[in-house]
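Participant: Everything below, folded, please.
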Amino acid sequence: MAATRRSARVTLAPVNVVVGDEELLVDRAVRALINVAGETNPGAADPAIEGAEVHDLAAGRLTPGDLIELTSPSLFSVRRVVVIRSAQDLGKDLAAEITAYAANPAEDVSLVVVHAGGAKGKALLDGLVKTKANRIDCPKPTRPGERIDFIRGEIRTAGRTITESAARGLLDAVGNDLRELASACGQLAADTTGTIDDEIVARYHRGRAEVSGFNVADRAIEGNSGDALEQLRWALAVGTSPVLITSALAQGLRALAKVGGAPRGLRGPALAKELGMPPWKVDRVRQQLRGWNAEGVAQATQVVAETDAQVKGGGADPAYALERAIHAIIAARAPRR
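Facilitator: Here you go, the predicted model:
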C-alpha cells in the first residue's frame, strides 16, 4: 500500500483507472500518477513550467463536451492530467463519452478515472478495462491483520521498524481510520528513534485506546459494565460515530461465534488460518469466551442488530440506545443457572 507513495514504482498510461473506496489509498494513487506526469512533462526543461497541468473534477461537475475541451492539445506542450473522481456516479452518456475517448486518447494527456468499484457504474469500469486502461486497485484493509500490515508498511516506508505488539497497540489506540493511522505512524517515525515498541506507543497514545469503539466492545463482551459505559461516554464525547461503536460490538460478537464454533482439534496457527484471524486475535477472543454460550451470543447479536437500526435513525437517542445495548450484552453474557 505504501508503494503508491513512490512515483518511480507507478506506471502512467494515457488512460488510468484507480479502483477503490478507501479515500487515503485512492488519493495516494492519484497523487503518484500526477507526480509521474510531472516528471515526464515535455516542458519540464523550461524552468517556467513546473510539473503537470492538473484538472481534478468530481463526476457531478462534468458535463457533455467537457472531456473534449480538457483533453485538447496544449499550446505550451505541457503534459496534462485530467482526474475524474467518483466516476461510478456518471450518467450513461458521460460514461460512454469517457469510454470512447479511452479507445483513442490524446497525446500528452493522462486521464485518471477514479471508480469506487462495486456494481454501480460497472459498465464504465468494464469498458475502460477493455480498452487496456492502466488499472490500479486500492483494496481497503478490512481485517485487523491487514490494518496491522498497513501500519508496518507506513513505518517501513519511513525507514523504521515496529514490533507486532506495538502495531497492535497503535491500532487499538487510534482506530481503523487509515488517515489517522498514517498520521500516527508519521508522528512516531519522526519523533522517536530505534524500534517502535509498546512503551513508545503508550507514551504517545495513552488514553486514546479508551475511546476506541473496539475497546468499548471488548469491555462489554468481557462483562465489565463500569469500564464499558465510561469508555462509551468518552468515545461519544470526542466524536466517535455511534454507528462505528455498533459495528465494533457486532464484530466482537461475530468473533465469539467464530472461535466458539471452531473445530476442536485445531490449535495455534492452524486455527487462526481456519478462522481468518491473526493468532493474537484468536487468543484474545478465546479468553473473552469465558462466561459465554451459544444462546447468549445469539441473544447479544440480536440486541446489537436492533441497536444498529436505532442509531441509524430508528431511535431518538443513539447514546441511550448504546447504553441499553451494553447492559443487555452483559446480561446475555452472565452464566446461566
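Participant: Neighbours of residue 272, how many?
Facilitator: By other Cβ atoms under 10 Å, 20 other residues sit near residue 272. Heads up, the C-betas are built off the backbone N, CA and C, glycines and all.
Participant: And it, which helix or strand is it part of?
Facilitator: helix 268-275 (DSSP states H and E).
Participant: Just give me the neighbour total for residue 64.
Facilitator: Residue 64, neighbours per other Cβ under 10 Å, totals 10.
Participant: that's a strand at it, yeah?
Facilitator: No: assigned with DSSP: H, G, I helix; E, B strand; the rest coil, residue 64 falls outside any strand and is coil.
Participant: Quick check: phi and psi at it.
Facilitator: Note on residue 64: its backbone torsions stand at phi -60, psi 130 [degrees, to the nearest 10].
Participant: ok, now which ones touch it?
Facilitator: Neighbouring residues of residue 64 by Cβ atoms under 8 Å, 6 or more residues apart in numbering: 93-94, 97.
Participant: what's the spacing between it and residue 121?
Facilitator: 17 Å (Cβ to Cβ, to the nearest Å).
Participant: by contact count, what packs against the helix or strand hosting residue 309?
Facilitator: Using DSSP H and E, residue 309 sits within helix 294-309. Secondary-structure packing of helix 294-309 (3 or more Cβ pairs under 8 Å, 6 or more residues apart in numbering; DSSP states H and E): helix 242-260, helix 318-333.
Participant: I figured residue 89 was touching residue 115, is that so?
Facilitator: No: using Cβ atoms under 8 Å as the test, residue 89 is too far from residue 115 to be in contact (9.6 Å).
Participant: which residues of the stretch 101-250 of the chain score low on pLDDT?
Facilitator: 206-212, 238 (pLDDT under 70).
Participant: For it, just list every one of the helices.
Facilitator: 122-130, 144-157, 164-174, 178-191, 198-205, 213-221, 225-237, 242-260 (DSSP state H, counting those that start in this stretch).
Participant: and the end-to-end length of stretch 303-318?
Facilitator: When the termini of stretch 303-318 are compared using Cα to Cα, to the nearest Å, they are 14 Å apart.
Participant: list the buried ones in that stretch?
Facilitator: By neighbour count, and taking 16 or more other Cβ atoms under 10 Å as the criterion, the buried residues in stretch 303-318 are 303-304, 306-308, 310-311, 315, 318.
Participant: possible to save the residues you listed as JSON lines with pLDDT and distance to residue 213?
Facilitator: Shown next, in JSON lines, are the buried residues of stretch 303-318 (pLDDT from 0 to 100; distance: Cβ to Cβ, whole Å):
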{"residue": "303", "pLDDT": "95", "distance to residue 213": "16"}
{"residue": "304", "pLDDT": "95", "distance to residue 213": "12"}
{"residue": "306", "pLDDT": "94", "distance to residue 213": "18"}
{"residue": "307", "pLDDT": "94", "distance to residue 213": "13"}
{"residue": "308", "pLDDT": "91", "distance to residue 213": "12"}
{"residue": "310", "pLDDT": "91", "distance to residue 213": "16"}
{"residue": "311", "pLDDT": "90", "distance to residue 213": "12"}
{"residue": "315", "pLDDT": "77", "distance to residue 213": "18"}
{"residue": "318", "pLDDT": "91", "distance to residue 213": "13"}
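Participant: would you turn those residues into a markdown table with distance to residue 21?
Facilitator: Below are these laid out as a markdown table (distance: Cβ to Cβ, whole Å):
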| residue | distance to residue 21 |
| --- | --- |
| 303 | 29 |
| 304 | 24 |
| 306 | 28 |
| 307 | 25 |
| 308 | 21 |
| 310 | 26 |
| 311 | 22 |
| 315 | 28 |
| 318 | 25 |
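Participant: Identify, from those, the entry nearest to residue 223.
Facilitator: residue 303 (14.6 Å; Cβ to Cβ).
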